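Q: show me how the following folds:
(one chain, ligands or ions: 3)
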Amino acid sequence: MKELTEIENPSFLKDLSIDELNELSANIREFLINSLSKTGGHLAPNLGVVELTIALHKAFNSPNDKLIWDVGHQTYTHKILTGRTQFFNSLRKYKGLSGFPKLSESEHDVWETGHSSTSISAAAGFVYSRDYKNEDHHVIPIIGDGALTGGMAFEALNHLGHSGKRVIVILNDNEMSISKNVGAFTRMLNHMRTSKKFKRAKRISSSVLSVESHLFDLTKRVKESIKTFMMARNIFEDMGFTYYGPINGHEISELISTFDYCKQLNEPVIIHVVTKKGHGYEPAATDQVGVWHGVGPYELETGKFLKKIDENKRSWSKVISEALLRLAKIDERIVAITPAMKNGSALNQFAEELPDRFIDVGIAEQHAITFAGGLAISGMKPFVSIYSTFLQRAYDQVSHDLARQNLPVVVGIDRSGIVGGDGETHQGIFDIAMLRHIPNVNIIMPRNAREAFNMLYSAFNRNELTFIRYPRGNTFFDIEDDFKFQMIKKGTWTTVKEGNELIFITYGPSVDYIADIIKKHHLNATLINARSIKPLDKQLLKKLLRSNLPIIIFEEAIKIGGLNSAILEFASDYKLRSDHIYSLGIGDAFVPQGDKKFVYKDLNLDEDAILMLVELALLNKKNEESKEKKDTVLWQKRNG
Ligand SMILES: Cc1ncc(C[n+]2csc(CCOP(=O)(O)OP(=O)(O)O)c2C)c(N)n1
Ligand SMILES: CC(=O)[C@@H](O)[C@H](O)COP(=O)(O)O
Ligand SMILES: [Mg+2]
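A: Ligands and ions are numbered 1, 2, ... in the order given. Predicted coordinates:
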């Protein structure tokens, strides 16, 4: 049996027996548990698909056959089998192994994912192009039960089921999204997993399967009648897919025989595989709330997480959800909505204390936003907690449904800014640019917990469509139990400190980042907290622009369409000079994974870059003044 680090590609699997494959799965599982105890990562999803992945690479011939992983957070075994074991010590690190499929990493990564529910649509593209080109390979999207609650997956099932084209969809059903999966569809899958009819049908279909593989010419009608007789047709079959399952996703021989049989079919097929998230590591296998979905380093023996959180700090998600809970206890119209991110958005306590006002809609960001619109127009006060990157899914719902009707919804844009290990597909850097041009939209970002509490309170009381953005990570939590909420006037910035050589304008936690640099380097600078990104504080901004001091705008967001653009547009609209405006933000590029300190350096957002820009700005100011002096001298000479 090869050492995992000796594996270069999956071809070695062809010679392995079932026993050897089982031995391999044990080795991989042990490796993952050990390696991720040091690096962190998506442990539970990956432990759930070790056998499934081995069976897929045994039965199919990647990369000729296209394995397309939905979300892609469960591809660690796939990466081990395709020669990347040695890189796992750099998993999700700066310039390290991606936690998701990456075209640049391997020919076996045929499609990049990160956002959920895209695999079947991508597969449709691979299927149609294969058939147009008369090629002859398999296309196998692997989608989880959670990802299947994403509307896009149904759009693709609807299309491919109708097309009659050859595709093999693997449904990896572990009853979990990040936490327990939700929705009617999940209930249907539960029924398919547990009902006696299905159990009997499974026996029948596996025996039919074994008989059939010899009598392959058994007509489709006979097969259908056996199935229809033995069990209620299911939605997949009504959508044109031949359904097989549910089969045991940890039983390699059953997986391989099912795949080998389905390879012969020239039609849309869906194989319902039942797995256990976290399988083989007790703390993860018994986790029903999703704590082991994505983890930091942990103690192997006990499963104790090693990351210490300063007791004076809370995650930004927790700060917002704490404020939301306190406000919801005052105002019964407030309801909290999450698209499958209860844990990540720290809404567990809200859900526990106000269960009838907590709604998890599954991985359905578009539905979450328009659902909130329906609540708002009916007099409720909905709060949608949604990661910046996943909000991108609901652009039209924001514009067409909420903004155009000017509905009073408050949206908490979580994970705004650079997120770290998830990298390119999860950075929260586009939301300002995506939203700012939409009429009736307000965008705010608190500098600290107190401002967050008052901003959320003000947003609900203003009854306007408001997006309050906050980053991944922690902040000081100094809020007393009897905190008195205060209104913050709409469109107002604050002057954090006064200086008379240059001006910094920024927002959110970046305010303190810049404040520290000003203090450390004794810069004689004014610092503005532009906590309302839209609308701007026009009065103060006019004053700043007319000061003729160099202005440095700093934002951990894409510059194009961000605050930087807003201020330049403002200067242009009001015919104010703007050649003394400098900006530091994220350029026109996707941002890699990794710790902020490395990524900041890459993006010229680190201290050195800021100081260089300060030097340039002050030098330009000095030259301008001396030029003015020279001009004055010349003028006086010329005019006497
Ligand atoms: C559009 C989108 N929304 C939310 C997420 C966050 N997310 C990542 S994995 C996951 C759960 C996926 O559940 P499932 O497909 O069943 O995979 P499992 O983790 O159970 O293997 C969610 C909600 C995402 N990646 N993309
Ligand atoms: C794979 C996926 O999209 C989620 O698991 C995401 O990685 C969660 O991000 P946080 O760790 O920031 O909650
Ligand atoms: Mg799942």
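Q: show me which residues of this structure sit near ligand 3.
A: Neighbours of ligand 3 within the chain, by C-beta under 5 Å from the ion: G144, D145, G146, N174, M176. For the C-beta atoms, the positions are set from N, CA and C on the backbone; glycine is no exception.
Q: now with 6 Å?
A: G144, D145, G146, N174, M176, S177 (C-beta under 6 Å from the ion).
Q: which among the residues you listed are in contact with ligand 1?
A: Contacts with ligand 1 within those, as defined by C-beta under 6 Å from any ligand atom: G144, D145, G146, N174, M176, S177.
Q: among those residues, which one lies nearest to Y298?
A: Closest approach between these and Y298, by C-beta to C-beta: M176, at 18.8 Å.
Q: so what's the residue count around the closest one?
A: For M176, the tally of surrounding residues (other C-beta atoms under 10 Å) stands at 25.
Q: T466 now?
A: 24.
Q: and it, what are its bridge partners?
A: V410, N442 (DSSP bridges).
Q: if we can go back for a sec, now, which of the ones next to ligand 1 among the residues of the chain next to ligand 3 lie within strands?
A: When these are checked against strands (DSSP state E), the matches are G144.
Q: ChimeraX command to pick out the buried ones of the ones next to ligand 1 among the residues of the chain next to ligand 3?
A: Under the burial definition 16 or more other C-beta atoms under 10 Å, those of these that qualify are selected in ChimeraX by:
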select :144,145,146,174,176,177
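Q: where in the protein is pLDDT low?
A: Within the chain, the stretches with pLDDT under 70 are 196-232.
Q: report the central residue of it.
A: Nearest to the geometric centre of the chain sits H426, at 4.4 Å (C-alpha atoms, centre = their mean).
Q: my guess is that residue contacts T113, does it?
A: No - if you go by C-beta atoms under 8 Å, H426 and T113 don't touch, sitting 11.3 Å apart.
Q: and stretch 496-514, how far from the chain's centre?
A: Centre-to-centre, stretch 496-514 and its host chain are 30 Å apart (C-alpha atoms, centre = their mean, to the nearest Å).
Q: before we move on, what about stretch 353-365?
A: With C-alpha atoms, centre = their mean, you get 18 Å for stretch 353-365.
Q: span of it from start to end?
A: This stretch, stretch 353-365, spans 24 Å end to end (C-alpha to C-alpha, to the nearest Å).
Q: give the buried residues for that stretch.
A: L354, R357, F358, I359, D360, V361, G362, I363, A364, E365.
Q: near ligand 1 at all, that stretch?
A: Yes - counting by C-beta under 6 Å from any ligand atom, contacts between stretch 353-365 and ligand 1 involve I363, E365.
Q: how near is the residue nearest to the centre of the chain to A364?
A: As judged by C-beta to C-beta, to the nearest Å, H426 and A364 stand 18 Å apart.
Q: anything in stretch 126-144 near ligand 2?
A: No - judged by C-beta under 6 Å from any ligand atom, stretch 126-144 and ligand 2 are separated, with a smallest distance of 10.4 Å.
Q: for that stretch, measure first residue to last.
A: 20 Å.
Q: for that stretch, the distance to its chain's centre please.
A: 27 Å.
Q: and stretch 160-171, by the same measure?
A: Worked out by C-alpha atoms, centre = their mean, stretch 160-171 lies 27 Å from the chain centre.
Q: alpha carbons only: can I get it in PDB?
A: The C-alpha atoms that make up stretch 160-171 are tabulated as PDB, following Å, rounded to 0.1, in the frame of the first residue of the first chain:
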ATOM      1  CA  LEU A 160     -30.800  18.200 -17.400                       C
ATOM      2  CA  GLY A 161     -33.700  16.000 -16.400                       C
ATOM      3  CA  HIS A 162     -35.500  17.300 -19.500                       C
ATOM      4  CA  SER A 163     -32.500  17.000 -21.700                       C
ATOM      5  CA  GLY A 164     -32.300  13.200 -21.300                       C
ATOM      6  CA  LYS A 165     -28.500  13.600 -21.600                       C
ATOM      7  CA  ARG A 166     -26.100  11.300 -19.900                       C
ATOM      8  CA  VAL A 167     -25.000  12.600 -16.500                       C
ATOM      9  CA  ILE A 168     -24.500  10.900 -13.200                       C
ATOM     10  CA  VAL A 169     -25.400  13.200 -10.200                       C
ATOM     11  CA  ILE A 170     -24.100  12.000  -6.900                       C
ATOM     12  CA  LEU A 171     -26.200  13.300  -4.000                       C
END
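Q: and that stretch, what's buried?
A: L160, G161, S163, K165, R166, V167, I168, V169, I170, L171.
Q: distance-wise, check the fifth one relative to V269.
A: Okay, so that is R166. 8 Å.
Q: end to end, how far does stretch 94-112 reach?
A: 18 Å.
Q: now what about it, what contacts it?
A: With C-beta atoms under 8 Å, 6 or more residues apart in numbering as the test, stretch 94-112 has contacts from 9-10, 41-42, 62-63, 66-69, 71-73, 75, 78-79, 82-84, 87-92, 113-114, 119, 122, 126, 421-423, 425, 592-595, 598-599.
Q: try 7 Å this time
A: 41-42, 62-63, 66-69, 72-73, 75, 78-79, 82, 84, 87-88, 90-92, 113-114, 122, 421-423, 425, 592-595, 598-599 (C-beta atoms under 7 Å, 6 or more residues apart in numbering).
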